[in-house]
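Q: One predicted model, sequence on top.
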Amino acid sequence: MEIVLTETPADAAERVATEILTALAKKPSLVLGLATGSTPIQVYERLREARQSGEADFSQVRTFNLDEYLDLPPDHPQSYRTFMRDHLFAGLGIPPEQIHFPPSEGSQLVQRCGDYEDAIVAAGGIDIQLLGMGRNGHVGFNEPTSSIRSRTRLKTLTQRTLDDNARFYADGEAQPTLASTMGIGTILDARRILLQAYGVKKANAVRACVEGPVSSFFPASALQLHANTTCYFDPEAAQFLAMTDYYRETRKNKEALAAAGRM
Ligand code: GLP
């Protein structure tokens, strides 16, 4: 796990977006695994700018979103399809048939979750997976005790996650308590993972994810099993990490080796 400590979320977003744009320039049919939540919004803004300025062409990109609430219609203001349309897809020019979400409406959900896995494989697997993290360490909607080898499936949301997301719902409005989500095993199959976590409310989660034991009770800790993950944290999120000096030193050495053309 590579830990990158940045001054601000904007610095980190710039680096994450740059990595995506560099990968896209090399592979126009890039396969992206995408996350919702406030964390990736600045990355999405940067990608939309790149498209608008003609710097990048997303017309061949395939996308697979991590998760979706059960039974919210696609145009519901809190559905993740609406979130992605508003924050990314509306300005990107990806043909709709290349955009995928896990099944969240209708029947035969177990079979269609399997079909989602098959669609990812048929696309050649995910090149870059973006991740945020819940305060309880969830990634996607893999709540604590999610199997580390889990695949796309339905999950019951914890009260903590419901409380965290309640702010998006009007008083008295029904909030979904079930969701479909890629599994931790699905996420770990991505060739590259970029996780971002910002703010004091993520500080405990960041400590457990990076410096705690691998545990299904803390799903993001499973990323320690992935060989090509970079985590971006701002100072508030990183405040409980024990080895920040080491992470800075590691980064400096890597940049020096890269600048010398030795990587
Ligand atoms: C939701 C999403 C996660 C996301 C998390 C954190 O639960 N399912 O994918 O990482 O929220 O959200 P935020 O980035 O707003 O803190």
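A: Great, that's in hand. Residues are numbered from 1 along each chain as shown.

Q: which residue packs closest to Glu2, ignoring adjacent ones?
A: Thr230 (4.4 Å; CB to CB, 6 or more residues apart in numbering). Placement of C-beta: from N, CA and C, glycine included.

Q: list the helices and strands the helix or strand harbouring the one you found packs on?
A: Taking DSSP states H and E as the definition, one finds Thr230 inside strand 229-233. If contacts are counted by 3 or more CB pairs under 8 Å, 6 or more residues apart in numbering; DSSP states H and E, strand 229-233 sits against strand 2-5, helix 9-26, strand 192-197, helix 203-211.

Q: To Ala90, which of these lies closest?
A: Comparison of those against Ala90 by CB to CB identifies helix 9-26 as nearest, at 17.2 Å.

Q: Can you give me the buried ones in the closest one?
A: Pro9, Ala12, Ala13, Arg15, Val16, Ala17, Ile20, Leu21, Leu24 (16 or more other CB atoms under 10 Å).

Q: ok, now stretch 238-251?
A: Neighbour counts using 16+ other CB under 10 Å place Ala238, Leu241, Tyr247, Arg251 of stretch 238-251 among the buried residues.

Q: okay if I get those residues as CSV plus secondary structure?
A: CSV is the format used below for these (DSSP: H, G, I helix; E, B strand; the rest coil):
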residue, secondary structure
Ala238, coil
Leu241, coil
Tyr247, helix
Arg251, helix
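
Q: one step back: do the strand holding Thr230 and the ligand meet?
A: No: counting by CB under 6 Å from any ligand atom, no contacts exist between strand 229-233 and the ligand, the nearest distance being 12.5 Å.

Q: now the strands: where do they sit in this protein?
A: Using DSSP state E, the strands found in the chain span residues 2-5, 31-34, 62-65, 67-69, 99-100, 128-131, 153-156, 178-181, 192-197, 229-233.

Q: quick one: average pLDDT of the shortest one?
A: Here the mean pLDDT over strand 99-100 is 98, rounded to a whole number.

Q: need the contact list for the closest residue to the ligand within the stretch 101-250 of the chain.
A: With CB to the nearest ligand atom, the shortest gap between the stretch 101-250 of the chain and the ligand falls at Gly132, namely 2.8 Å. Taking CB atoms under 8 Å, 6 or more residues apart in numbering, we find Gly132 in contact with Ala35, Thr36, Gly37, Ser38, Thr39, Pro40, Val139, Leu195, Gln196, Ala197.

Q: With adjacent residues omitted, what lies nearest to it?
A: Distances taken as CB to CB, 6+ apart put Thr39 closest to Gly132, at 3.6 Å, once the chain neighbours are dropped.

Q: surely that neighbour meets Tyr198?
A: Yes: the pair Thr39 / Tyr198 is scored as a contact, 6.4 Å apart, by CB atoms under 8 Å.

Q: how far does the lowest-mean-pLDDT helix or strand in the chain sit from the chain's center?
A: Across the helices and strands of the chain, mean confidence by mean pLDDT, DSSP states H and E is lowest for helix 159-165: a mean of 90. The chain centroid and the centroid of helix 159-165 are separated by 18 Å under CA atoms, centre = their mean, to the nearest Å.

Q: What's the local residue count around Phe64?
A: When neighbours are counted by other CB atoms under 10 Å, Phe64 registers 25.

Q: Repeat that for Phe218.
A: Using other CB under 10 Å, Phe218 has 19 neighbouring residues.

Q: correct me, but it touches Gly212?
A: Yes: contact criterion CB under 8 Å: Phe218 and Gly212 qualify, at 6.1 Å.

Q: export stretch 196-206 as PDB, just CAs?
A: Provided in PDB are the C-alpha atoms of stretch 196-206 (Å, rounded to 0.1, in the frame of the first residue of the first chain):
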ATOM      1  CA  GLN A 196      -9.000   8.900  -1.100                       C
ATOM      2  CA  ALA A 197     -10.100   9.900   2.400                       C
ATOM      3  CA  TYR A 198     -10.300  13.400   3.700                       C
ATOM      4  CA  GLY A 199     -11.300  15.200   6.900                       C
ATOM      5  CA  VAL A 200     -11.300  14.500  10.600                       C
ATOM      6  CA  LYS A 201     -14.300  12.200  10.500                       C
ATOM      7  CA  LYS A 202     -12.200   9.700   8.400                       C
ATOM      8  CA  ALA A 203      -9.200   9.800  10.700                       C
ATOM      9  CA  ASN A 204     -10.000   6.600  12.800                       C
ATOM     10  CA  ALA A 205     -11.000   4.800   9.600                       C
ATOM     11  CA  VAL A 206      -7.700   5.700   7.900                       C
END
